[in-house]
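Colleague: A predicted structure for the sequence below; I have some questions about it.
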Amino acid sequence: KEEDWPRAEACTGIVVDEMDRATAGKELSRLYYRLGYITEKMKDNQKALRHYQTSYEIDSTYLPVLEGLANCLVSSERWNDAVKVYQKVLVHHKDNLSEAEIADLYFQIGSLSAKLGQDDRAIKSFEKVVQIDDKHQRAIEALLETREGRGEHEEAYDLVLQLIGIVEGVRRFELYMRLG
């Protein structure tokens with residue numbers, strides 16, 4: 001099955017152009033979301049971002065558009081805006097998400113916060129991930145890196161011990177060597 005994204009974009013664009021903007025509401029939002037998704041598949045991130053933002057302006061709680069918008073914002077290195085969108089997902093959809101999805105959102109927020117130099121926010125987010133899943137290796141590693149970067153050696157030591165309990169092989173050996 002071959003996907004014809006340019007044709008899908010043209011057809012969806014025609015439908016959007018023909019809709020009555022005064023009465024279309026959520027249906028129009030979904031169509032702009034589809035245009036965002038299609039143009040994202042076509043590797044046109046800027047166009048996708050514009051479509052996702054238009055959809056968001058119409059319905060700022062629609063989960064697929066929040067996810068698409070956040071991904072495009074991350075790709076555009078608009079990390080602070082992406083954090084806000086991920087937080088909005090948690091506010092509006094947390095009750096309908098799995099623990100793994102919630103942990104992933106907090107991990108994304110933590111990672112972006114670290115890139116923004118917001119260590120306190122990053123630590124809080126990574127800690128929330130570990131509260132949900134105490135074996136989430138990437139979150140523990142990120143928390144360790146952040147704590148070490150701040151010179152918080154006791155906390156880092158505890159995180160190394162936690163990692164030793166979940167990793168194997170060479171990585172475990174490296175962590176033991178790190179402890180001395």
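Modeller: Thanks, I have it. Numbers count the residues shown, from 1 in each chain.
Colleague: from the chain's centroid, how far away is stretch 165-180?
Modeller: Stretch 165-180 sits 29 Å away from the centroid of its parent chain (C-alpha atoms, centre = their mean, to the nearest Å).
Colleague: let me see the ranges of the helices in this protein.
Modeller: 5-18, 21-24, 26-41, 45-58, 63-75, 79-93, 99-115, 119-132, 137-149, 153-164, 169-179 (DSSP state H).
Colleague: mind telling me which of those helices the model trusts least?
Modeller: Of all the helices of the chain, the minimum mean pLDDT falls on helix 21-24 (a mean of 58).
Colleague: as TSV, the helices of the chain with mean neighbour count would be great.
Modeller: All C-beta spots, glycine's among them, are computed from the backbone N, C-alpha and C. Shown next, in TSV, are those (neighbours: other C-beta atoms under 10 Å):
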stretch	mean neighbour count
helix 5-18	13
helix 21-24	10
helix 26-41	20
helix 45-58	20
helix 63-75	21
helix 79-93	18
helix 99-115	20
helix 119-132	18
helix 137-149	19
helix 153-164	16
helix 169-179	12
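Colleague: how much space between the residue nearest the centre of the chain and Val85?
Modeller: Taking C-alpha atoms, centre = their mean as the criterion, Gln108 is the residue nearest the geometric centre of the chain, at 4.5 Å. Computed as C-beta to C-beta, to the nearest Å, the Gln108 to Val85 distance reads 10 Å.
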